[in-house]
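Engineer: here you go, sequence then predicted model.
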Amino acid sequence: MKHEEELNREPLEQEPSAAAALAGDRIDVLRAFAKDLAERGEELGLIGPLELPRLWTRHLLNSAVLAPLLTSGGTVADIGTGGGMPGLVLGIVRPDVSFKLIEPMERRCVWLNEQVERLELTNTTVMRGRAEEFHGTFEVDQVTARAVTALRKLVPLTAPLLRDGGEMLFLKGAAVGQEIEAAQKVLKKHRVKDVRVDELGAEILSESTRVFRARVGTHG
């Protein structure tokens, strides 16, 4: 049965040329993660059955485009890392940044810890729990998230994890403008300022993506 399932699987997307440009000298590590995710991701419930033909473009590189926005030597908390996007991908391509991958589901934490050990990511730590469980336990320079929840719910979860002047970097869809409008009250409550939306990857990827950027606090 398993052999039959493997024969019926969608083919894995060929690695786009942009992958090496985005990952630089970390491309072999990213390839190793991509290979394992492609082979085991559906079985472990990390990706859907139709994702292999767009694994690089839709997931890995969609995450990696955030890498240039991270601060060298800084700390990042990635909320709801799931199968590894974007936090683990960023941990691979930015070894000069320290990452806390926050994920509530045990089986996903097992997968993430396995990858951290297998890929020798000394800059990355997996923390099981929900974001709000870590309020008051640490502060980071930047927080990232992808496909977690609407902005009006995401801001209260993440703002308390940031130092004064820290930055939110959330990968969002085409409706991010409406999300910002719907989140005005929570943005004000959590002192979120300098709100902007950038388009990333338009020059090197077949599908560009949008990132919500903002800072919290009174300084920075």
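Structural biologist: The structure has been received and is ready for your questions. Note that the structure is a prediction, hence the values are computed from the model and not measured.
Engineer: ok, the residue nearest the centre of the chain to Asp25 distance?
Structural biologist: The centre of the chain sits closest to Pro86, judged by C-alpha atoms, centre = their mean, with a distance of 1.8 Å. According to C-beta to C-beta, to the nearest Å, Pro86 and Asp25 sit 19 Å apart. C-beta: built from backbone N, CA, C; applies to glycine.
Engineer: strands of this protein, start to end?
Structural biologist: Ranges of strands in the chain, per DSSP state E, are 75-79, 98-103, 124-128, 140-146, 162-172, 192-200, 209-216.
Engineer: what about the residue nearest to the centre of the chain, distance to Leu22?
Structural biologist: 12 Å.
Engineer: between the two, which contacts overlap?
Structural biologist: Ala64 (C-beta atoms under 8 Å, 6 or more residues apart in numbering).
Engineer: who's in contact with Ala20?
Structural biologist: So Ala20 contacts Ile27 (C-beta under 8 Å, 6+ apart).
Engineer: please disregard the earlier target; I meant Ser98.
Structural biologist: 74-76, 123-125.
Engineer: what subset of those is buried?
Structural biologist: 74-76, 123-124 (16 or more other C-beta atoms under 10 Å).
Engineer: for Thr209, state which of these is nearest.
Structural biologist: Each of the buried ones among the contacts of Ser98 was checked against Thr209 using C-beta to C-beta; the closest is Val76, at 17.7 Å.
Engineer: and the gap between Val211 and Ile47?
Structural biologist: 22 Å.
Engineer: sorry, back to before: list just the nearest of the contacts of Ser98 to Lys153.
Structural biologist: Closest to Lys153, out of all of the contacts of Ser98 and judged by C-beta to C-beta, is Val76, at 20.3 Å.
Engineer: residue contacts, Thr124?
Structural biologist: Contacts of Thr124 (C-beta under 8 Å, 6+ apart): 87-88, 91, 98-99, 101, 116.
Engineer: if I pick the spatially closest residue to Leu112 that is not a sequence neighbour, what's in contact with it?
Structural biologist: Excluding the flanking residues, the one nearest Leu112 by C-beta to C-beta, 6 or more residues apart in numbering is Val126, at 4.6 Å. By C-beta under 8 Å, 6+ apart, Val126 lies in contact with 81, 101, 103, 109, 112-113, 116.
Engineer: if we use 7 Å, what do you get?
Structural biologist: Applying C-beta atoms under 7 Å, 6 or more residues apart in numbering, we find Val126 in contact with 101, 103, 109, 112-113, 116.
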